[in-house]
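In: mind folding the following:
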Amino acid sequence: MPILKFYGLTEKEIIKYSKKTNELALLIQAKPNAISYVYIPSTILSPESDKEKVYIEINWICRKIELREKMVNHIEDNFKHLNKIISIKFTDINRDFYVEGQVFG
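Out: From the prediction side, this is the model:
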């Protein structure tokens, strides 16, 4: 049940990516309806680079590194055409995430 939070992308770009949910779910062995996307309007500034940046934070119940790498590759493959630097951070949410008052994970 990964929750993907996007910084530095447009809402349109995230909606376009969300249409590949079934493809991503199959790749990472998740149910499509368990994947969520969050659009956070923002600009990422970096004085050290001329390229724009994208930051993606993924909150997920701990998964094997192989599944994380598949997700990273899928994201990068789908956004590389933007010619932006993409940074991805995973946060494990084991026993720290509640849905409708019930602990999840």
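In: any buried residues in the longest helix that the chain contains, and which?
Out: Looking across the chain with DSSP state H, the single longest helix is helix 65-79. Neighbour counts over helix 65-79 (16 or more other C-beta atoms under 10 Å) mark 67-68, 70-71, 74-75, 78-79 as buried. C-beta here means a position set from N, CA and C on the backbone, and glycine is covered the same way.
In: closest to Val38 among those?
Out: Lowest distance from Val38 to the buried residues of helix 65-79 (C-beta to C-beta) belongs to Ile75, with 14.0 Å.
In: ok, now which ones touch the closest residue to Leu67 other than its chain neighbours?
Out: In this structure, Leu67 finds its nearest non-sequential neighbour in Ile28, 5.0 Å apart by C-beta to C-beta, 6 or more residues apart in numbering. Going by C-beta atoms under 8 Å, 6 or more residues apart in numbering, Ile28 touches 2, 63, 67, 70-71, 74.
In: then Lys89?
Out: 55-58.
In: so can I have JSON lines of those showing distance to Ile15 and neighbour count?
Out: Below are these laid out as JSON lines (distance: C-beta to C-beta, whole Å; neighbours: other C-beta atoms under 10 Å):
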{"residue": "Tyr55", "distance to Ile15": "18", "neighbour count": "17"}
{"residue": "Ile56", "distance to Ile15": "15", "neighbour count": "22"}
{"residue": "Glu57", "distance to Ile15": "18", "neighbour count": "16"}
{"residue": "Ile58", "distance to Ile15": "18", "neighbour count": "19"}
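In: how many neighbours does Arg63 have?
Out: 17 (other C-beta atoms under 10 Å).
In: for it, helix, strand, or coil?
Out: The three-state label given to Arg63 by DSSP: H, G, I helix; E, B strand; the rest coil is coil.
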